[in-house]
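In: using only what follows, build the 3D model:
(chains A and B)
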Amino acid sequence: QKEVEQNSGPLSVPEGAIASLNCTYSDRGSQSFFWYRQYSGKSPELIMFIYSNGDKEDGRFTAQLNKASQYVSLLIRDSQPSDSATYLCAVDTSGGYNKLIFGAGTRLAVHP
Amino acid sequence: GAVVSQHPSWVICKSGTSVKIECRSLDFQATTMFWYRQFPKQSLMLMATSNEGSKATYEQGVEKDKFLINHASLTLSTLTVTSAHPEDSSFYICSAPRDSKNIQYFGAGTRLSVL
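Out: As a prediction, the model looks like this:
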């Protein structure tokens, strides 16, 4: 059974701090890794994607990938209350067909 | 703007009736689309992969006769919940990969309430 694991949280950080979200996956054949943000009652929206080991930065967001450790993380710098949401880690399956496996999500709460 | 359109956004129906949900890719062709279900405070669960011009591929435990999927064109997939019951009440979301990078874009979702 291919799995994606995330700490459900809630992760509570003060406004302006760095939020660190972590994800591990079981399928060593996975090649594509995604972070989605989901506000309550809404559908997920793409935040970041990463394919290669190392860091990828986009504005206040940095995705980090370590394929050897089967670990992917998302850092949010200068956290804002509007960042409060559930963050879903998604990993493609080596079986192809673009199928993604989602983690259960980490709920982030940024307090003023 | 949105790249995947999903309708309706909210539907209430009586137990025993059928409900159809549409998912359209905007400005791109999608030979594959995905249907998910999400219960409150739970993650997305993949129900099935919709394949243009062929049968859908259902995940284990999903009843294909209850959740009918039709992908008749390169821009439209439909999910029909047949003989809906209160336990089918959930948030249904479709997605489509837009490019070779396997970036999936989600529709806005359909909240189904079965009375």
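In: got a pLDDT number for the residue lying closest to B:I103 once chain neighbours are set aside?
Out: Distances taken as Cβ to Cβ, 6 or more residues apart in numbering or on different chains place A:F49 nearest to B:I103, at 5.9 Å, with adjacent residues excluded. The C-beta positions use only the backbone N, C-alpha and C, and glycine is treated the same way. Note for A:F49: predicted pLDDT of 94.
In: tell me how far A:F49 lies from A:I18.
Out: Per Cβ to Cβ, to the nearest Å, A:F49 is found 21 Å from A:I18.
In: of the two, which one has the most company?
Out: When A:F49 and A:I18 are compared for neighbours, A:F49 comes out ahead with 18 against 12, by other Cβ atoms under 10 Å in any protein chain shown.
In: which ones are touching the more buried one?
Out: A:S32, A:F33, A:F34, A:W35, A:A63, B:K101, B:I103 (Cβ atoms under 8 Å, 6 or more residues apart in numbering or on different chains).
In: quick one: which of the residues you listed is most hemmed in?
Out: A:F33 (27 neighbours).
In: name whatever forms a beta bridge with that residue.
Out: Beta-bridge pairing of A:F33 under DSSP bridges involves A:I50, A:V91.
In: mind checking pLDDT for it?
Out: So A:F33 comes in at 94 (pLDDT).
In: host element of the most centrally placed residue in chain B?
Out: Nearest to the geometric centre of chain B sits B:W35, at 3.7 Å (Cα atoms, centre = their mean). In this structure, B:W35 is located in strand B:32-38 according to DSSP states H and E.
In: now look at that strand and say if it contacts chain A.
Out: Yes - judged by Cβ under 8 Å from any Cβ of the partner chain, strand B:32-38 comes into contact with chain A through B:T32, B:F34.
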